[in-house]
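> just the structure for this:
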Amino acid sequence: MALLILINLIFSSITLISNILSRLLFTATAYLLVIAIQGLKVPGEALQSAMEQFGGFIRSCVEYLFELVLEVISEIIGFVIDLVKESVFGSVAATGAAAGGLVEKMRSAFEGLTEEIPAVVEGAVEMVTTMVTGLWNNYIDAQSYVTENA
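All right, here's what the predicted structure looks like:
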């Protein structure tokens, strides 16, 4: 139970940090873009070319951010799976020579662990969904700000 609470706390912290960073990145980029557009109200291909390059830069930043988020999520999930696997198999190896009483304790501990695994997976899926949704919403907000004010 304590492990589940700790994992949910970690997932919530990662989601919050991800949302704050993406909001900061998209908002700052949108404000800078609007300032640049308003300051350079010069028609021509130079401005369009600069805007396309800046748009490419924003896309590459978003792609990099998505890759980074997915990498962090996969590392966390891998860590959780390794932790569970290590605890289960480490306990099995350590108690392999033990008598029936230790085997019974191991079975009850494993049953408790298997009851928490779906909750951990559900928390991880919820974290990923919330992070992607927050990232997408922040991107849409920044894009609409630029569209309305440029």
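> how near is residue 66 to residue 126?
According to Cβ to Cβ, to the nearest Å, residue 66 and residue 126 sit 18 Å apart. Where C-beta positions appear, they are placed from N, C-alpha and C, glycine not excepted.
> ok, now residue 72?
16 Å.
> find the nearest non-adjacent residue to residue 126, please.
Leaving aside its sequence neighbours, residue 126 sits nearest to residue 11 (Cβ to Cβ, 6 or more residues apart in numbering; 7.3 Å).
> got a list of what that neighbour touches?
76, 123, 124, 126, 127 (Cβ atoms under 8 Å, 6 or more residues apart in numbering).
> give me that answer again for 7 Å
For residue 11, the contact set (Cβ atoms under 7 Å, 6 or more residues apart in numbering) comprises 123, 124, 127.
> in the helix or strand that contains it, what counts as buried?
Under the criterion of DSSP states H and E, residue 11 resides in helix 2-39. Of the residues in helix 2-39, those buried under the neighbour-count criterion (16 or more other Cβ atoms under 10 Å) are 3, 7-8, 10-11, 14-15, 18-19, 22-23, 25-26, 29-30, 33-34, 37.
> now stretch 63-76
Using 16+ other Cβ under 10 Å as the test for burial, stretch 63-76 gives 65, 69, 73, 76.
> counting by contacts, list what whichever helix or strand residue 74 is part of packs against.
If you go by DSSP H and E, residue 74 is part of helix 45-94. Applying 3 or more Cβ pairs under 7 Å, 6 or more residues apart in numbering; DSSP states H and E, one finds that helix 45-94 makes contact with helix 2-39, helix 100-149.
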